[in-house]
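> just a sequence and a predicted model for now, questions to come.
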Amino acid sequence: MSTTTPESLVSRLWWLNLLRGVLAIALGLVAILWPGVTVQAFFTVFGVFSLIDGIVALGTGIFFRGTSWGWILFEGIAGILLGLLAIARPQTLAAVIVIFLAMWALVVGLFQVALAIQLRSTGQRSWLWVLISGAITALLGLYFLVNPDPGAAFLAVTVGVFMLAAGAVMVFGAVQLRRNRDELLQLLS
């Protein structure tokens, strides 16, 4: 039986965090530079997961008939169908999700415009900012509703930017962990 010393723990922690950060940065760059490939890969992986999950749920519903087994069968069939769609046509599934998000943005934006009008009538100073926010949100929703493919690419790029930032933070943390190794060892002792 091996025991982990604080020294070995710190030695492992810094490079594992560095590796995570570098991988996040690499994935972020791929998402930003090739958003179409990123969307397709993500939904293909999602499709494989959904297919496997659906098969397991279907098997559970068939072999373990009990309370709500019909719902489990339905869940399994839906998961299999969604998985097959995502594997066969990942861009279509991405477009459907973007359309739902676009409809949500359109509705939220229109409600914000209505709120801005109400705020203006009551003399609130913030009405203009709410109006601008609502108009931009509604226009983006309308644009992505009409053009879902750029919306999927936009989501991929947004995730890529987040991953770049998260990766940079992880790399910085790993460097700091290595640089301040002695201080950390004193805290762990």
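Alright, I've got the coordinates. In this text the structure is predicted, and so the values were computed from the model without any measurement.
> most centrally placed residue in the protein?
Averaging the C-alpha coordinates of the chain gives a centre point, and the residue nearest to it by C-alpha atoms, centre = their mean is residue 159 (6.7 Å).
> relative to residue 82, how far out is that residue?
21 Å (C-beta to C-beta, to the nearest Å). Just so you know, the C-beta spots here come from the backbone N, C-alpha and C atoms, and that holds for glycine as well.
> phi, psi for residue 89 please.
Backbone torsions for residue 89, taken as degrees, to the nearest 10, come to phi -140, psi 70.
> count the residues that sit near it.
A count of neighbours around residue 89, defined by other C-beta atoms under 10 Å, yields 15.
> what do you get for residue 15?
For residue 15, the number of neighbouring residues by other C-beta under 10 Å comes to 12.
> same thing with residue 129?
Neighbour tally, residue 129, other C-beta under 10 Å: 12.
> so who does it touch?
Taking C-beta atoms under 8 Å, 6 or more residues apart in numbering, we find residue 129 in contact with no residue.
> for the host helix or strand of it, what is the distance to the chain centroid?
Assigned by DSSP states H and E, residue 129 belongs to helix 127-146. For helix 127-146, the separation from the chain centroid amounts to 22 Å (computed by C-alpha atoms, centre = their mean, to the nearest Å).
> just stretch 156-169 next, same as before
Per C-alpha atoms, centre = their mean, the displacement of stretch 156-169 from the mean C-alpha position of its chain is 11 Å.
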